[in-house]
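> sequence and predicted structure below; questions after.
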Amino acid sequence: MIRATSGFTFAGSPAGEGVPAAPRAVAWWLLACCALVFAMVVVGGITRLTHSGLSIVEWQPILGALPPLDDAQWAETFAKYRKTPEFRLKNFDMTLAGFKEIFWWEYIHRNLGRVIGLAFFAPFMYFLLRRKLDKPLAWKLAGIFALGALQGFMGWYMVASGLVDDPRVSQFRLAAHLTLAFVIYAAMFWVALGILFPQRYWTPAGLRSHGSILVVLVFAMVVTGGLVAGIRAGYAYNTFPLMNGHVIPPEILMIEPWWKNFGYNMATVQFDHRVVAWLLIFLVPWLWWRTRRAAELDPRAYFAAHLLLAMLAIQVALGISTLLLRVPVVLGVLHQGVAVLVLTAALWMRHALR
């Protein structure tokens, strides 16, 4: 059964077929922006794992687009870095050549953020001024742009926390920065899907709830993963499936007051991340099995179920390998990037179950 939910009338057709040209263009533009955000998450992972994030000590949204252009500017930039706690306490023997290696990753990360902002704002204004957007869609896109602006501030707010005394950024700000990137990606992807696939199929309420729970759990995976990265909990308890021989490590509530364990205790933070992973390991195959048994669903639901199961299997394998090998850069970056693909599959699945 298909229920019409918009002015677009087509059923079971390929993506974009029968969709008016302007909305289809908006959808593909949003998907291109999603690809840029995916690249941003990957580069952000490289920046974090190569300890490059504190190499640029100023926030200059416009002037910062240009790197140092001569020896004098490089010397000035390096001199500013030498005043940071990271240089004084950790990298005190770093040369200018070594500084350039970490500078470029942070520079690429920040400039990619500028590219994303421009790639979103310019087409948005074009579609808006050409009256290609209805009012609800225009407000949704304006909200996404506001989230992007907030993300730029959150990035600097995170970096600033590592420039004071402790040469590490706040794990809470890092988790917020990472999660907000996923929220922006999810918002653009969901809006694009709504444009390309406006029809709705009859779906059992239980399946819809199951799909919603999986999306929430993926975001919980991102938040807990950000905390694991923030306190470098991946360098502890490098065994699986047990944590140094325990199902629940005895150190899990060693910090007082108890609630601080959820943000500062390596055992607790890593345990929380594992719990979310185990829930997904159980619930995703269950949804796949329920989808296979259901009849008359949106045809996309069957493909999305396969995709979600495959992406989760890859992500779990990467997570275990990253843990056992004590977070090598390549595996750590892949683990963070594939998390975006897991979210993509979960959102695709939930959208097909509308």
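All right, it came through fine.
> rest of the way, CA atoms for contacts and neighbours
Noted.
> so Ser170 makes contact with Gly230?
Yes - applying Cα atoms under 8 Å, one finds Ser170 in contact with Gly230, separated by 6.7 Å.
> identify the contacts common to those two.
Where contact means Cα atoms under 8 Å, 6 or more residues apart in numbering, no residue is in contact with each of Ser170 and Gly230.
> how about Val57, nearest residue that isn't a chain neighbour?
Excluding the flanking residues, the one nearest Val57 by Cα to Cα, 6 or more residues apart in numbering is Tyr81, at 6.5 Å.
> so that neighbour touches Gly53, yeah?
No - between Tyr81 and Gly53 there is no contact under Cα under 8 Å: 11.4 Å.
> looking at those two, which one has more neighbours?
Gly53 (27 against 21; other Cα atoms under 10 Å).
> contacting residues around the more buried one?
By Cα under 8 Å, 6+ apart, the contact set of Gly53 is Thr47, Ile102, Trp105, Glu106, Val159.
> now do the longest helix along the chain: distance to the chain's middle.
Secondary structure of the chain read by DSSP state H shows that its longest helix is helix 96-129. Helix 96-129 has its C-alpha centroid displaced from the chain centroid by 16 Å (Cα atoms, centre = their mean, to the nearest Å).
> same thing with stretch 47-57?
18 Å.
> show me where the stretch 51-200 of the chain has its strands.
Taking DSSP state E, counting those that start in this stretch, the strands of the stretch 51-200 of the chain run over residues 200-201.
> remind me which residues of it are low pLDDT?
For the stretch 51-200 of the chain, no stretch has pLDDT under 70.
> for Phe272, what are its contacts?
For the record, residue 272 is Asp, not Phe. Thr224.
> re earlier: mind listing what's buried in the longest helix of the chain?
99, 102-114, 116-117, 119-120, 124, 127-128 (16 or more other Cα atoms under 10 Å).
> show the contacting residues for the residue nearest to Val57.
The contact partners of Tyr81, by Cα under 8 Å, 6+ apart, come to Ser55, Ile56, Val57, Phe87.
> on that earlier part again, tell me which of Ser170 and Gly230 has more neighbours.
A count of neighbours by other Cα under 10 Å puts Gly230 above the other of Ser170 and Gly230, at 22 against 19.
> how far away is the nearest residue in space to the more buried one that is not next to it in sequence from Trp59?
Using Cα to Cα, 6+ apart and skipping residues adjacent in sequence, the residue nearest Gly230 is Gln171, 3.9 Å away. As for Gln171, its distance to Trp59 is 20 Å (criterion: Cα to Cα, to the nearest Å).
> again with Glu256
Taken as Cα to Cα, the span from Glu256 to Trp59 is 36 Å.
> okay, these two: which has more neighbours?
The neighbour comparison of Glu256 against Trp59 (other Cα under 10 Å) goes to Trp59, with 16 against 8.
> now that one: closest residue in space that isn't a chain neighbour?
That would be Trp156: by Cα to Cα, 6+ apart, it lies 6.6 Å from Trp59.
> surely that neighbour touches Val57?
No - with contact taken as Cα under 8 Å, Trp156 and Val57 are classed as non-touching, separated by 9.3 Å.
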